[in-house]
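Participant: how would this look folded up:
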Amino acid sequence: MVTDTNQRLSELEWTARLRQQAEELLRTAPQKIRSMPFKDAEHFVHELQIYQVELEMQNQELGHAQNKLETSHDQYRDLYDFAPVSYLTLDYAGRIKQANLTAAGLLGVDRARLQHTLLAHFIVPEDQDILYLHRQAVQNNGTTQACELRIHDPQGGSPRDIRLETRVARGETNTPLVYHTVLFDITEHKRADALREAKSVADAANLAKSEFLATMSHELRTPLAVIIGYTDLLIEDTFGTLSTEQKEVMRKVWNHAEELHELISDLLDLSRLEAHHLPLAINPVSLEQLLNELEAETQGLREQSGLTFVWQQAAELPVLHTDSRKLKVVIKNLISNAVKFTEHGKIMIATQARNNGVEISVTDTGIGIPAEAMATIFEPFRQLELSMTRRYKGTGLGLHIVKRMLELLDGLISVESEVGCGSTFRVWIPLRASRS
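Facilitator: Residues are numbered from 1 along each chain as shown. I've put the predicted structure just below:
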């Protein structure tokens, strides 16, 4: 703004001198013309005409320059007012002399009312000392200084976090004239930092929890396996003949131990998944052999359920390159889930080649899944309703583990269901899983 004013003064001084020279020339012109020969007078008049034309051209150029200057001034004002950051000019006492529209909006006051208002008026009481020390640093160092403090929220909400950057403009005697201050609203940035920090703490706590569960689950499985093994030996009369009542008691012990073993296995798998301690072991897998192993391993579950099981395998299934143990966990959990929610009828396990992979489906004639529950069945610790946890037992981890295991195997899962008619879970496994 000072530069623009000086430029205008120079133009006015130049125009005044030019006008004075022209008036002097016109005042002496009649005398010179009377004393001149005709040809010289004619030449002199011609020169005057040229000067007149030049003056008119210069006047036009000055008009154009003035228009450009005014346009440039308007553009500068627009850039200043509508800049994405807040600009303030403060006097030596910290009163606002000039503010752009962005600053007025941030402070919540009309720009005209900001004139001569102390900036400290907008700072929360707890941060007044920060503002004072900031001004002292600007005065003493002479370089741009920055600080972070809080201002009152114009809407009456929580204080907003602001970053101040200030530099001083000094006079000829090195005394401060004005302070140029830029205000950056960093409230959202601060909130994002707080959320990231909170998430980091939560992730660390979750990881510690998962590692603890993995350790404890592993330690619990060992003695439980011994209990199941010896109970099985007792039922088979390995250590002597038991009575019918004694065998019935042993079978109840064995059943409850198997349920506990399944629960611990689910917790162990989940904790390893959460802690990323479940690496892949990819090898060639014969699906026919894997399903035969599953049929043998689920014999007790199938016999106890009283349901009809149908194993439907397509001929000449391709060899998969995947993790057989994890694939077996997926299918076994789907079968267990189907048994849990099917009171009568049948369960069919079918396989077929599809889209450069193999599809394995588990279909039951159970209670079915409501449409509104489809979005949550794969979340951990979720069952269709709270009452089902008591009626059907279980923790609601099975389908979540299935989904997480399939993510490791680059597989997909989908479900089709109708309440009262049953459900079909379809698992697709690629011919070759990536080694991630």
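Participant: Which residue ranges of the stretch 1-150 of the chain form helices?
Facilitator: 2-35, 38-81, 101-107, 111-114, 128-141 (DSSP state H, counting those that start in this stretch).
Participant: centre of the chain versus the second one, how much separation?
Facilitator: From the chain centre to the centre of helix 38-81 is a distance of 60 Å (Cα atoms, centre = their mean, to the nearest Å).
Participant: Then the shortest one?
Facilitator: Mean C-alpha position of helix 111-114 versus that of the full chain (Cα atoms, centre = their mean) differs by 38 Å.
Participant: Name the surrounding residues that touch that helix.
Facilitator: With contact meaning Cβ atoms under 8 Å, 6 or more residues apart in numbering, helix 111-114 is reached by 96, 99-101, 103-104, 107. Quick note: C-beta positions are derived from backbone N, CA and C, even for glycine.
Participant: okay if I get these as JSON lines plus pLDDT?
Facilitator: Listed next are the contacts of helix 111-114 as JSON lines, based on pLDDT from 0 to 100:
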{"residue": "I96", "pLDDT": "92"}
{"residue": "A99", "pLDDT": "90"}
{"residue": "N100", "pLDDT": "90"}
{"residue": "L101", "pLDDT": "89"}
{"residue": "A103", "pLDDT": "90"}
{"residue": "A104", "pLDDT": "90"}
{"residue": "L107", "pLDDT": "91"}
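Participant: top of those by neighbour count?
Facilitator: Ranked by the number of neighbours (other Cβ atoms under 10 Å), the contacts of helix 111-114 place A99 first, at 27 neighbours.
Participant: In contact with that one, which residues?
Facilitator: By Cβ under 8 Å, 6+ apart, the neighbours of A99 are 86-89, 107, 111, 114.
Participant: Quick check: the two most widely separated of the residues you listed?
Facilitator: T89 and L107 (14.0 Å; Cβ to Cβ).
Participant: leaving aside the residues next to it on the chain, what's closest to T342?
Facilitator: Spatial nearest neighbour of T342, chain neighbours left out: G366 (3.5 Å); criterion: Cβ to Cβ, 6 or more residues apart in numbering.
Participant: chain center to stretch 323-336, what's the gap?
Facilitator: 34 Å.
Participant: Now do the buried residues in stretch 421-434.
Facilitator: 422-430, 433 (16 or more other Cβ atoms under 10 Å).
Participant: what do you get for stretch 216-227?
Facilitator: Buried residues in stretch 216-227, counted by 16+ other Cβ under 10 Å: 217, 220-221, 224.
Participant: how many other residues sit next to P370?
Facilitator: With other Cβ under 10 Å as criterion, P370 counts 13.
Participant: so who does T322 touch?
Facilitator: Here T322 is in contact with 282-283, 285, 409, 429-430, 432-433 (Cβ under 8 Å, 6+ apart).
Participant: pLDDT score for A314?
Facilitator: Looking at A314, its pLDDT reads 86.
Participant: Next, work out how far apart it and R77 are.
Facilitator: For A314, the distance to R77 (Cβ to Cβ, to the nearest Å) stands at 77 Å.
Participant: quick one on the thing from earlier: make a markdown table from the contacts of A99 and add distance to Q20 to it.
Facilitator: A markdown table is the format used below for these (distance: Cβ to Cβ, whole Å):
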| residue | distance to Q20 |
| --- | --- |
| S86 | 48 |
| Y87 | 43 |
| L88 | 44 |
| T89 | 39 |
| L107 | 51 |
| R111 | 43 |
| L114 | 45 |
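Participant: Which of these has the largest number of neighbours?
Facilitator: L107 (25 neighbours).
Participant: Just give the closest residue to that residue, not the sequence neighbours.
Facilitator: Excluding its sequence neighbours, the residue lying closest to L107 (Cβ to Cβ, 6+ apart) is F122, at 5.2 Å.
Participant: what sits against that neighbour?
Facilitator: With contacts defined as Cβ under 8 Å, 6+ apart, F122 is in contact with 107, 151-152.
Participant: tell me which of those is nearest to L290?
Facilitator: For the contacts of F122, the nearest to L290 is I151 (65.8 Å; Cβ to Cβ).
Participant: ok, back up a step: of all the contacts of T322, which two lie farthest apart?
Facilitator: N283 and P430 (14.7 Å).
Participant: I'd say N356 and L431 touch.
Facilitator: Yes: using Cβ atoms under 8 Å, N356 is in contact with L431, at 5.6 Å.
Participant: what about A315, how many residues close to it?
Facilitator: Based on other Cβ under 10 Å, the number of other residues close to A315 is 7.
Participant: Relative to Q352, how far out is it?
Facilitator: Separation of A315 from Q352 (Cβ to Cβ) stands at 10 Å.
Participant: so what are the domain limits for the protein?
Facilitator: Domains of the chain are assigned by automatic domain parsing as 2-81, 86-185, 188-278, 280-436.
Participant: how distant is the longest one from the center of its chain?
Facilitator: When C-alpha coordinates are averaged (Cα atoms, centre = their mean), domain 280-436 and its chain have centres 33 Å apart.
Participant: Give me the helices and strands touching the longest helix along the chain, please.
Facilitator: Counting by DSSP state H, the longest helix found in the chain is helix 187-235. With contacts taken as 3 or more Cβ pairs under 8 Å, 6 or more residues apart in numbering; DSSP states H and E, helix 187-235 sits against strand 160-170, helix 244-274.
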